[in-house]
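Student: Here is my input; please provide its structure:
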Amino acid sequence: MNFQKVKAVIFDLDGTLLDTLADIGTGLNTALCRFGFEAHSIESYRQRIGHGIKNAVRASVPETATQEQYESVLDFYLSYYPQHCTEKTDYFPGTVEFVKYLADKGMKLAVISNKTEATAQKVMAHYFGDFDWQFVWGRTEGRPLKPAREAGVLACEALGLQPEEIAYVGDGDSDMEFASNMGFAAIGVTWGYRDPEQLKAAGAEVLVDSFQELQKLMER
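Tutor: Modelled structure (predicted):
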C-alpha cells in the first residue's frame with residue numbers, strides 16, 4: 001500500500017471513529033420493549049449493526065414479527081436514537097490524536113456512514129466539531145449507501161481526487177467491500193464491530209489494531 005499518493009482519508013463512523021454500540025443497542029432495546037419484544041444484550045448488537053438501521057431492526061425483531069410491527073420498532077428507534085445518540089458513545093483510544101495528525105498533514109477528511117445523515121452530522125459535530133470535514137454523509141434521499149459504488153464516485157467528485165488518492169478506514173465488511181471495489185486504500189480496523197477474518201474476506205488490504213499503528217504505517 002502506497003500512502004505517499006493519499007491526499008484524503010474517508011472514515012466510517014460507527015465502530016471506527018466512535019464506539020457507538022451502547023447508544024445504538026440501548027435505542028434498539030428501548031424500541032423493542034416499547035412494542036412488547038424482548039431486549040438483547042448490548043454486545044449481541046455488534047453483529048447486527050453495520051449494514052444500515054433497517055437491517056439492524058430486521059435482525060433484532062422476532063422472526064414472527066409482522067411488517068407493521070417491524071415498521072413500528074424502526075420508526076420508534078428513528079425518533080428515539082437521535083435524541084440520545086451522545087449519551088454513552090465515546091472515542092476509541094487515539095482517535096482524536098490521529099485525526100489531528102491527518103489534519104496537520106493537510107489531508108482532506110470526510111465521513112461516509114450508513115447512519116441517518118442528520119444524526120451522523122449531529123454526532124460528528126458533538127465529538128469532532130473542532131475539525132474541518134469536507135463532508136459527513138449518511139443515509140439520505142438521492143445518495144446510495146455503502147457499499148454501492150455510486151457513493152464512492154460521488155465522494156471522488158466531492159473531494160476532487162482519483163480513487164488511488166483516497167484511503168478508506170472502516171471496521172465493517174461493507175466498508176472493505178466498498179473501498180476495494182472503488183480502488184481506495186482499504187484499511188480495516190480491528191477494534192470495531194467485525195472480526196478480522198470478515199474484513200480480510202471483504203477486501204481489506206491491511207488491518208490495524210490501533211490508530212497509532214496506522215499512523216506509523218502512513219509515516220513510512
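
Student: so where do the helices sit in this structure?
Tutor: Using DSSP state H, the helices of the chain run over 21-34, 53-60, 67-84, 95-104, 117-128, 149-159, 173-182, 196-202, 211-219.

Student: Redo the ones you listed as a markdown table? Include mean pLDDT.
Tutor: Output for those, formatted as a markdown table (pLDDT from 0 to 100):
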| stretch | mean pLDDT |
| --- | --- |
| helix 21-34 | 97 |
| helix 53-60 | 94 |
| helix 67-84 | 97 |
| helix 95-104 | 97 |
| helix 117-128 | 97 |
| helix 149-159 | 97 |
| helix 173-182 | 95 |
| helix 196-202 | 95 |
| helix 211-219 | 94 |
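
Student: Kindly reformat these as JSON lines containing mean neighbour count and distance to residue 110.
Tutor: For the C-beta atoms, the positions are set from N, CA and C on the backbone; glycine is no exception. Listed next are the helices of the chain as JSON lines, based on neighbours: other Cβ atoms under 10 Å; distance: least, Cβ to Cβ, whole Å:
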{"stretch": "helix 21-34", "mean neighbour count": "20", "distance to residue 110": "22"}
{"stretch": "helix 53-60", "mean neighbour count": "18", "distance to residue 110": "21"}
{"stretch": "helix 67-84", "mean neighbour count": "15", "distance to residue 110": "21"}
{"stretch": "helix 95-104", "mean neighbour count": "17", "distance to residue 110": "11"}
{"stretch": "helix 117-128", "mean neighbour count": "18", "distance to residue 110": "10"}
{"stretch": "helix 149-159", "mean neighbour count": "16", "distance to residue 110": "7"}
{"stretch": "helix 173-182", "mean neighbour count": "24", "distance to residue 110": "13"}
{"stretch": "helix 196-202", "mean neighbour count": "16", "distance to residue 110": "20"}
{"stretch": "helix 211-219", "mean neighbour count": "16", "distance to residue 110": "16"}
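
Student: so which of the ones you listed gets nearest residue 4?
Tutor: Checking these against residue 4 by Cβ to Cβ gives helix 211-219 as the closest, at 9.3 Å.

Student: Give me the packing partners of that closest one, helices and strands only.
Tutor: Secondary-structure packing of helix 211-219 (3 or more Cβ pairs under 8 Å, 6 or more residues apart in numbering; DSSP states H and E): helix 95-104, strand 206-208.

Student: mind redoing it with 10 Å?
Tutor: helix 95-104, strand 166-170, strand 185-189, strand 206-208 (3 or more Cβ pairs under 10 Å, 6 or more residues apart in numbering; DSSP states H and E).
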